[in-house]
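> sequence and computational prediction follow.
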Amino acid sequence: MKAILIIVLLFIFPLYSYAQSKVEIEERIEKKDVPLPAQQFIDSLCFSSKIKWFVEQNYITKTFEAKITANGTTCSIEFDSLGKIEDVEVEISWKKISEDTQGKINEQLNTDFEKHKIKKIQIQYSGKETDLLNFRTNTENLTIKYEIVVKGQKESKIEFYEYLFSEKGELENKVQFDFRNTDHLEY
Amino acid sequence: MIGLFFCVSVSSLAQSTYQIGVLPSFTLTKKINPKWKVNLNIQSRFSMYKGEFSNSDTFQEDRNYILTDISALANRKIGLNTSLTVGYLTRFRNKEQHNRLFQQFIISNKYNAVGLAHRFVTDQTFRPNQKTEFRGRYRLAFDRPLQGNKLNPKEFYLKVNNEYLVSLQDKKWSNEVRLIPFLGYAFTDKNKVEIGIDYRVGSVGDEFLRNNFWTTINYYLSW
């Protein structure tokens, strides 16, 4: 009985740890290595800029991502392992978020950290594939969320976090990143 | 800025000397707590060839050990992206020992895949029977992974350092510019090796330009 309990705990612990921190391996891949439905989705959007494909893997899932930079705006389109669209993320500035939502996000970050700096903001669209195909012109039927990367200091410790807020600024998820070592840049 | 750097050095080739060599370095960094880090660096220089750009007959082998630097630094985080460092370096060259104190202010940032670090340094060098040399330095360093947007273990990255130095000793000013492109490999996030060409061009008084090309091999270990 004791042995079974230990084995169960050994399985649960890595999953619990994963929920607290984000560990992903991202690799650049060729278009031909991407599932066909994902290729077809991107082709139908007719981007004029270069499309870079990546595969992201963590302990549990594998996703495919297309990244496009057009007119200074970066857009990431994420697909599941079978190539089914998951969401579209577009990098935006803080000013593009409504004042009410900004207030709620700031409230949350001020609660979580002594000091913080927003490093990246993406507006995230999810919904039906047919609606996502029109994300550039019509977002009416899409669910909107904000994914925000924050560098925050709490109790003298500085870490990176990825937050997910609803359109109204309610916290939906928060994961800690691995802190990137920069010794080779500084010394 | 880099273009200007090359224009200045190429236009002055007629009056300049060069030295080619190897510059291996080993950097150990230990994080004491979330605010403090200590760092130990050992670096040596070996010359291989030397000559003058204006006269190809002057090219000659020059296989010599030149010097070894040992430095120790204490680094304190003062903000989310900023830190202050104080350090001491001792240089062993031609049976002499030189001592240097230095102070650094570092701003490091990450923009998607690109890492950027600005380093501002002041240092004071003490040599036997010479007046103290004072230097001001600014270095811009950037890196980016060569596979994907995030540097994972067992992946390569590109790093470029561009540094500007001014020096004052005994009322004489001199300056130097350095440009160092590196190819790096991360065994892990805290264990990296880099190889690059460290090109330095500096004025020696008003007489001539000194060019150095060092094949640089850096090894970084942090824990």
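Alright, I've got the coordinates.
> let me see the contact set for residue 71.
If you meant another chain, say so; for now it's chain A. Residues near residue A:71 by C-beta atoms under 8 Å, 6 or more residues apart in numbering or on different chains: none. The way it works is simple: take the backbone N, C-alpha and C, and place the C-beta from them, glycine included.
> switch to chain B, that's the one I care about
Going by C-beta under 8 Å, 6+ apart, the list of residues near residue B:71 reads B:39-41, B:43, B:87-90, B:100.
> give me the three-state assignment for it.
Under DSSP: H, G, I helix; E, B strand; the rest coil, the three-state class of residue B:71 is strand.
> pLDDT score for it?
As summarised for this prediction, residue B:71 has a pLDDT of 97.
> rewinding a little: in a markdown table, list the contacts of residue B:71 along with neighbour count and distance to chain A.
Shown next, in a markdown table, are the contacts of residue B:71 (neighbours: other C-beta atoms under 10 Å in any protein chain shown; distance: C-beta to the nearest C-beta, whole Å):
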| residue | neighbour count | distance to chain A |
| --- | --- | --- |
| B:39 | 20 | 6 |
| B:40 | 16 | 10 |
| B:41 | 19 | 7 |
| B:43 | 18 | 11 |
| B:87 | 21 | 10 |
| B:88 | 13 | 14 |
| B:89 | 18 | 12 |
| B:90 | 13 | 17 |
| B:100 | 19 | 15 |
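> now, these that are in strands?
Mapping these onto strands (DSSP state E) picks out B:39-41, B:43, B:87-90, B:100.
> export these to a markdown table and tack on distance to residue B:183?
What follows is the ones in strands among the contacts of residue B:71, written out as a markdown table (distance: C-beta to C-beta, whole Å):
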| residue | distance to residue B:183 |
| --- | --- |
| B:39 | 23 |
| B:40 | 24 |
| B:41 | 20 |
| B:43 | 19 |
| B:87 | 27 |
| B:88 | 31 |
| B:89 | 27 |
| B:90 | 30 |
| B:100 | 29 |
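> you'd agree residue A:180 is up against residue B:109?
No. The pair residue A:180 / residue B:109 is not scored as a contact, 11.1 Å apart, by C-beta atoms under 8 Å.
> list residues touching both of these two?
residue B:115.
> ok, the two, which is more surrounded?
residue B:109 (18 against 13; other C-beta atoms under 10 Å in any protein chain shown).
> out of everything not next to it in sequence, what's closest to that one?
residue B:116 (5.0 Å; C-beta to C-beta, 6 or more residues apart in numbering or on different chains).
> just residue B:31 next, same as before
residue B:37 (5.1 Å).
> what's the neighbour count on the one you found?
Neighbours of residue B:37 under the rule other C-beta under 10 Å: 21.
> next one: it from residue B:209, what distance?
Using C-beta to C-beta, to the nearest Å, we find residue B:37 at a distance of 37 Å from residue B:209.
> now residue A:158
43 Å.
> again with residue A:114
According to C-beta to C-beta, residue A:114 stands 50 Å off from residue B:209.
> now swap in residue B:148 and tell me
Relative to residue B:209, and taking C-beta to C-beta, residue B:148 is found at 41 Å.
> quick one: the strands in chain B?
For chain B, strands defined by DSSP E occupy the ranges B:16-31, B:36-52, B:55-77, B:82-93, B:96-111, B:114-126, B:133-145, B:155-169, B:172-188, B:191-204, B:208-222.
> in the third one, what counts as buried?
To tie it back to what came earlier, the one meant is strand B:55-77. B:69, B:71, B:73, B:75, B:77 (16 or more other C-beta atoms under 10 Å in any protein chain shown).
> please save the CA atoms from it in PDB.
What follows is strand B:55-77 as a C-alpha-only set of coordinates in PDB (Å, rounded to 0.1, in the frame of the first residue of the first chain):
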ATOM      1  CA  ASN B  55      54.000  46.400 -45.700                       C
ATOM      2  CA  SER B  56      53.300  42.700 -46.300                       C
ATOM      3  CA  ASP B  57      57.000  41.800 -45.700                       C
ATOM      4  CA  THR B  58      56.500  42.700 -42.000                       C
ATOM      5  CA  PHE B  59      54.200  39.700 -41.500                       C
ATOM      6  CA  GLN B  60      55.900  37.400 -39.100                       C
ATOM      7  CA  GLU B  61      55.300  34.600 -36.600                       C
ATOM      8  CA  ASP B  62      55.100  35.900 -33.100                       C
ATOM      9  CA  ARG B  63      54.300  32.900 -30.900                       C
ATOM     10  CA  ASN B  64      54.300  34.300 -27.400                       C
ATOM     11  CA  TYR B  65      52.400  34.200 -24.200                       C
ATOM     12  CA  ILE B  66      51.400  37.800 -23.400                       C
ATOM     13  CA  LEU B  67      49.500  38.000 -20.200                       C
ATOM     14  CA  THR B  68      46.900  36.600 -17.800                       C
ATOM     15  CA  ASP B  69      44.100  38.500 -16.100                       C
ATOM     16  CA  ILE B  70      42.300  37.300 -13.000                       C
ATOM     17  CA  SER B  71      39.300  39.200 -11.900                       C
ATOM     18  CA  ALA B  72      36.700  39.000  -9.100                       C
ATOM     19  CA  LEU B  73      33.400  40.800  -9.200                       C
ATOM     20  CA  ALA B  74      30.500  41.300  -6.800                       C
ATOM     21  CA  ASN B  75      27.200  42.100  -8.600                       C
ATOM     22  CA  ARG B  76      24.000  43.500  -6.900                       C
ATOM     23  CA  LYS B  77      20.700  43.700  -8.600                       C
END
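> who are the neighbours in contact with the residue nearest to the spatial centre of chain A?
Centroid-nearest residue in chain A, with C-alpha atoms, centre = their mean: residue A:147, separated by 6.1 Å. Contacts of residue A:147 were listed using C-beta under 8 Å, 6+ apart, and they are A:89, A:121-122, A:124, A:162-164.
> nearest spatial neighbour of it, skipping sequence neighbours?
Nearest residue to residue A:147, sequence neighbours excluded (C-beta to C-beta, 6+ apart): residue A:122, at 4.5 Å.
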